[in-house]
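> Sequence first, predicted model second:
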Amino acid sequence: MIYGVSYLAIALFVLFVLIVLGLSFYFGSKTKSASGYYAAGGTIHWAVNGIAFAGDYLSAASFLGICGMIAFVGYDGFLYSIGYLAGWVVALFLVAEPMKRLGKYTFTDALDSKFNSKAIQLTAAISTLIVSIFYLIPQMVGAGTLVEPLLGLDHWVGVVIVGAVVIFIVATAGMTSTTYVQFIKGGLLIIFSTLLTIYILNNGLDLNPDHKNQEYIQPMTLTDNDMQGFTQVSTVEAKEASFVKMEKEGIYRWFSVNGDKYEEALTVTKTADGGRLFNGEAKEEGKFYQVGTLDKIIQDGKEVESTGKVGPVEFLSVINSSDMARYIKVLFDDGDNKVTAYMKTVTPGKEMLIPGLKFKIGKGATPLSKLNFISLMLALFLGTASLPHILIRYYTVPSQRDARKSTIVAIAAIGFFYVLTMFMGLGAASNGVLNMEDGNMSAPLMAKAFGVGLFAIISAIAFATILGTVSGLIVASSGAIAHDLVDRYMGKQLSDKAKVRAGKIAAACVGVVAIVLGIIFKGMNVSFLVGWAFAVAASANLPAILMLLFWKKTTAKGIAASIIVGIISAIGIIMTGPSISKQFFRSEGLHGLDSPAIISFTLALLTLVVVSLLTQKDNANKKA
Amino acid sequence: MDHGPAVKLGVDHAAKRKTRLGIWMFVLYLIVYAVFVAIGVANYEAMSNIVFLELNLAVTYGFGLIVLAIILGLIYNWRCTRIENEMNKED
């Protein structure tokens, strides 16, 4: 679809960026020491840190990705909300206080606190970099996604803008400005998501979701007796359905065959000469409509056209008993043209509110698809407590008690937000606002239907969301390079000032890498991508963290080996799996496992145990 | 250079008891979470049963896991604070 430029959104976005830059200048002038740059001097109040945790954690994956996934596949998207939040339980009960006790600036400091081992310094720093880069990709993809409707610019421009602003934020003031950017953004995100949910509930559910700012265009339905001027040109049998190509006034459109009816599909046709047609016309014609409505509404056992205002429980209950019109992606060839069609399918609301539309665990499930589901839930559960950019936030507060309290504030804020994702996602699914080409835009487009003002604010916050998270990731990465690798592993013995300078240079380099990757991965669901970051983090880092804390026989070699095995196995499984293969090589991949954690985490854990048992001499020598 | 904490921390005599408490609470949550995943894999249709108000098991359990994390967090903090006050008095 094509978006109109919103000048209000641009103004709000620019205002936010100016505030952020002002903060960076202000804190930058005060940040002279390495402790200030990497850990905000350990002086942040626990409540501020808790909301900053939320600002750091509620990334593009949460706001754009989860809401989009819920809008497209219902409850399966909400599984990410559950898993992401559950991960904080591991962080609070097992990791928060020991991390605060052991570390200084980086995750590597904590892992290496008992050993002073070059192997740990190297592997943990590499792991930090890899996990952060995996996490950066979806943030940058999200930035590009947002910039199209917000500023009317291309995807890559959004990626470059975010990259440039973040490099500036981090390179000027490090963790202090990053913390306050995250605090402001985390607070705003929760407040305005609540407001959007209230709008959705007040608006209720309607078969014809016209909004003040946006008329809903019903896709056409033809019959043999009423062809509305269309003539049939050809038919195509795709794997999932039959399609008929129709012509009217020189424009070709595709309809899916449903009994004796022809239902208009949304199509993107890649022509042989490299052009793209949207529902048979140029993109600018605006014929690639927004879709997603209820097909039948049942309220209190009666079929109705509209529910009027509803409460949160009633909202979910009505959806549960109603039917939803979803659009399913089907690919087929039309001569030399490649057609991507989105075909209307009626799904019972009951199926939208249980797992199974994306993750095959019910109808049509195989042992492998069930394993994928378990593996994803494991990765989400274990991933949070092993994300370096989250762990370093424990160094910004004064005490262990503050670390604990800030985690609880984070859990409450993040948990509340995740409950809202259900309403924002299903609201988008039933209000005719979905852009089938990009699920990530579902929540902002939902806001747009209620008014340009709300859309502008929500989009600016979504952009800020990305700024906040990317800043945190770049601080973590720059710490890994400058502090862990250059200063400690290579033994350069940098002065405090030189260490800050090295961190800034590293931040700029990682920012550039993030920009390039954000452009390459355009179009993938951001929450799905973050699932991979969690899997890599859980496999590479968590066995090392947990065993260091709870198993006395853990050795430095065991930790280093486990990190290496965790990284290689997790990335190896992802790279040879179906999603990467489909995205880049148009093949099915070497295996069907998309989420590697169940194998890679187990392998890393076993490696740590075996290698530690084999190298017990090291610990004995150290004690002697 | 050294790599101790970014700020100087006092001795925490309560660390062992807090760790034990944390492990127990973690195990409790893990069980509840694992049961959720197990229901999804073993009998996902049970997720559509209406169990609370007018909400199905999937929604109730999902929201319940989020609320449970918050409640356990508050209990954990309350207990830890008491343990710290009791054991770190001399500091």
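The structure has been received and is ready for your questions. Numbering: from 1, shown residues only, chains lettered A, B, ... in the order given.

> OK, contacts around the residue in the stretch 51-200 of chain A positioned nearest to chain B?
Residue of the stretch 51-200 of chain A nearest chain B, by Cβ to the nearest Cβ: residue A:93 (3.8 Å). Where C-beta positions appear, they are placed from N, C-alpha and C, glycine not excepted. Contacts were defined as Cβ atoms under 8 Å, 6 or more residues apart in numbering or on different chains; by that measure residue A:93 touches B:22, B:23, B:25, B:26, B:29, B:72, B:76.

> did I read that right, it in a strand?
No - read with DSSP: H, G, I helix; E, B strand; the rest coil, residue A:93 is helix and lies in no strand.

> what pLDDT does it get?
Per-residue confidence for residue A:93 comes out at a pLDDT of 88.

> so how far is residue A:496 from it?
Taking Cβ to Cβ, to the nearest Å as the criterion, residue A:93 is separated from residue A:496 by 35 Å.

> ok so, going back, just checking, which of the contacts of residue A:93 belong to helices?
Per DSSP state H, helices hold the following members of the contacts of residue A:93: B:22, B:23, B:25, B:26, B:29, B:72, B:76.

> Which among the residues you listed count as buried?
Of all those considered here, the ones buried according to neighbour count by 16 or more other Cβ atoms under 10 Å in any protein chain shown are B:22, B:25, B:26, B:29, B:72, B:76.

> Export stretch A:475-493 to CSV, keeping only CA atoms.
Output in CSV follows, covering the C-alpha atoms of stretch A:475-493 (Å, rounded to 0.1, in the frame of the first residue of the first chain):
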residue,chain,number,x,y,z
VAL,A,475,26.3,0.6,24.3
ALA,A,476,26.6,-3.2,25.0
SER,A,477,28.4,-3.8,21.7
SER,A,478,30.8,-0.9,22.2
GLY,A,479,31.6,-2.1,25.7
ALA,A,480,32.3,-5.6,24.3
ILE,A,481,34.8,-4.2,21.8
ALA,A,482,36.4,-1.4,23.7
HIS,A,483,36.4,-2.7,27.3
ASP,A,484,36.4,-6.5,26.9
LEU,A,485,38.4,-7.0,23.7
VAL,A,486,40.7,-4.0,23.4
ASP,A,487,41.3,-3.2,27.1
ARG,A,488,41.1,-6.6,28.8
TYR,A,489,41.7,-9.3,26.2
MET,A,490,44.4,-7.5,24.2
GLY,A,491,45.7,-6.0,27.4
LYS,A,492,46.1,-2.5,26.0
GLN,A,493,45.7,-0.9,29.4
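
> what is the mean pLDDT for the strand or helix carrying residue A:412?
The secondary structure element spanning residue A:412 is helix A:400-430 (assigned by DSSP states H and E). Averaging the model's pLDDT scores along helix A:400-430 yields 91.

> The next helix or strand after it: partners in the sheet, and parallel or antiparallel?
Read in the C-terminal direction, the helix or strand following helix A:400-430 is strand A:431-434, with elements assigned using DSSP H and E. Strand A:431-434 pairs in its sheet with strand A:291-299 (antiparallel), by DSSP bridges.

> What parts of the stretch 451-600 of chain A come near chain B?
For the stretch 451-600 of chain A, the residues in contact with chain B (Cβ under 8 Å from any Cβ of the partner chain) are A:487, A:488, A:493, A:549, A:550.

> Surely the third one is in a helix?
No - assignment of residue A:493 by three-state DSSP gives coil, placing it outside any helix.

> That one contacts residue A:499, correct?
No - between residue A:493 and residue A:499 there is no contact under Cβ atoms under 8 Å: 9.8 Å.

> more crowded one of these two?
When residue A:493 is set against residue A:499 and neighbours are counted by other Cβ atoms under 10 Å in any protein chain shown, the residue ahead is residue A:499, at 24 against 11.

> Okay, and the more buried one sits in which element?
Secondary structure assignment for residue A:499, by DSSP H and E: helix A:496-520.

> Then residue A:178?
Taking DSSP H and E as the definition, residue A:178 sits inside helix A:175-203.

> Residue A:294: neighbouring residues, count only.
Close neighbours of residue A:294, defined as other Cβ under 10 Å, add up to 25.

> my guess is it meets residue A:321, correct?
No - judged on Cβ under 8 Å, residue A:294 makes no contact with residue A:321 at a distance of 10.7 Å.

> Overlap of the contact sets of the two?
When contacts are counted by Cβ under 8 Å, 6+ apart, residue A:294 and residue A:321 are jointly contacted by residue A:349.

> which stretches of the stretch 251-400 of chain A have low pLDDT?
Counting by pLDDT under 70, the stretch 251-400 of chain A contains no low-confidence residues.

> Also chain B?
The model of chain B has pLDDT under 70 over residues B:1-10, B:89-91.

> how about 80 then?
Low-confidence segments of chain B, defined by pLDDT under 80, span residues B:1-13, B:87-91.

> Let me see the ranges of the helices in it.
Listed in chain order, the helices of chain B (DSSP H) span residues B:15-42, B:57-87.

> Just say which of the ones you listed is most tucked in.
Counting by mean count of other Cβ atoms under 10 Å in any protein chain shown, helix B:57-87 has the highest mean neighbour count of those, with a mean of 18.

> Mind putting the contacts of residue A:93 into TSV with distance to chain A?
TSV is the format used below for the contacts of residue A:93 (distance: Cβ to the nearest Cβ, whole Å):
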residue	distance to chain A
B:22	4
B:23	7
B:25	5
B:26	4
B:29	5
B:72	7
B:76	7
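
> May I ask which two of these are separated the most?
B:23 and B:72 (12.7 Å; Cβ to Cβ).

> thinking again about what came up before, so which of the helices of chain B comes closest to residue A:535?
Between residue A:535 and the helices of chain B, the shortest separation by Cβ to Cβ is 15.5 Å, and it involves helix B:15-42.

> in which helix or strand would I find the closest residue to residue A:443 other than its chain neighbours?
Excluding its sequence neighbours, the residue lying closest to residue A:443 (Cβ to Cβ, 6 or more residues apart in numbering or on different chains) is residue A:67, at 3.9 Å. Under DSSP H and E, the secondary-structure element containing residue A:67 is helix A:67-73.

> State the mean pLDDT of that helix.
On average, the pLDDT along helix A:67-73 is 92.

> what distance separates that helix from the centre of its chain?
Taking Cα atoms, centre = their mean, to the nearest Å, one finds helix A:67-73 lying 12 Å from the centre of the chain it belongs to.

> ok, and what's touching it?
Outside helix A:67-73, the residues within contact range by Cβ under 8 Å, 6+ apart are A:76-78, A:80, A:292, A:326, A:357-358, A:421-422, A:424-426, A:428-429, A:434, A:438-443, A:446, A:525-528.

> picking up where we left off before, looking only at pLDDT, what's the mean for the helix holding residue A:499?
Per-residue confidence for helix A:496-520 averages out to 83 on the pLDDT scale.

> now stretch A:14-22
Along stretch A:14-22, the predicted local confidence has a mean pLDDT of 78.

> which SS state does the nearest residue to residue A:578 once chain neighbours are set aside fall under?
Of all residues not flanking residue A:578 in the chain, residue A:589 sits nearest, at 4.2 Å (Cβ to Cβ, 6+ apart). Assigned by three-state DSSP, the conformation of residue A:589 is coil.

> for residue A:589, what are its contacts?
For residue A:589, the set of contacting residues under the criterion of Cβ under 8 Å, 6+ apart consists of A:576, A:577, A:578, A:579, A:580, A:581, A:582.

> give the contact list for the nearest residue to the first one once chain neighbours are set aside.
Of all residues beyond its chain neighbours, the one nearest residue A:576 is residue A:590 (4.2 Å), with distances taken as Cβ to Cβ, 6+ apart. Each residue near residue A:590 by Cβ under 8 Å, 6+ apart is listed here: A:576, A:577, A:581.

> Perfect, that will be all.
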